[in-house]
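Student: Mind folding the following:
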Amino acid sequence: LWFRADNLPYVETKPLHPSQQVLERRPDGSGVVQIQVQHNYELEREILGFGNSVEVLAPASLRQNIQRRLARAAALYQPAEPPAQ
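Tutor: Residues are numbered from 1 along each chain as shown. This next block holds a predicted model:
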C-alpha cells in the first residue's frame, strides 16, 4: 500500500495489522507499507476509509476490487441524465 505523506504518520502510529512494515519512505514524505493479511471485505473497507490517501500496489486482485468499488462510488456523484424528451 502506498500512503500519501499526510497519512503515513497516522498509519505508522496506528498500524493496520501487527505484520505491518514500512518498506519505503519517499522524499515527499509518502511511503509504501506492507501487511500480510487475508483479502477480505473488512480489509477493503479499511483501505477505502483512507480515500484518496492510499493506493493499493499489490496484489492485483485487491487493487482491481478497490478500483471497481471506487468506480461505483464515483458513479453515484455523476450528474443525472436529463429526462428523455
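
Student: Summarise which helices and strands the helix ranked longest in the chain is packed against.
Tutor: In terms of residue count, the longest helix belonging to the chain (DSSP state H) is helix 60-75. Contacts defined by 3 or more Cβ pairs under 8 Å, 6 or more residues apart in numbering; DSSP states H and E place helix 60-75 against helix 41-48. C-beta coordinates here come from the backbone N, C-alpha and C atoms, glycine included.

Student: what pLDDT, on average, does the helix it packs on get?
Tutor: Across helix 41-48, pLDDT averages out at 96.

Student: Kindly provide the distance from Gln20 to His39.
Tutor: From Gln20 across to His39, the span is 16 Å (Cβ to Cβ, to the nearest Å).

Student: Could you check which of these two is surrounded by more residues?
Tutor: More crowded of Gln20 and His39, by other Cβ atoms under 10 Å: Gln20, with 16 against 10.

Student: correct me, but the more buried one touches Ile35?
Tutor: Yes - using Cβ atoms under 8 Å, Gln20 makes contact with Ile35 at a distance of 5.0 Å.

Student: who's in contact with the closest residue to Gln36 other than its chain neighbours?
Tutor: Among residues not flanking Gln36 along the chain, Ser19 sits closest, at 4.1 Å (Cβ to Cβ, 6 or more residues apart in numbering). Going by Cβ atoms under 8 Å, 6 or more residues apart in numbering, Ser19 touches 34-37.

Student: Could I get these in TSV, plus columns for neighbour count?
Tutor: What follows is the contacts of Ser19, written out as TSV (neighbours: other Cβ atoms under 10 Å):
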residue	neighbour count
Gln34	14
Ile35	15
Gln36	9
Val37	14
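
Student: just checking, Leu1 touches Val33?
Tutor: Yes - Leu1 is in contact with Val33 according to Cβ under 8 Å; the separation is 4.9 Å.
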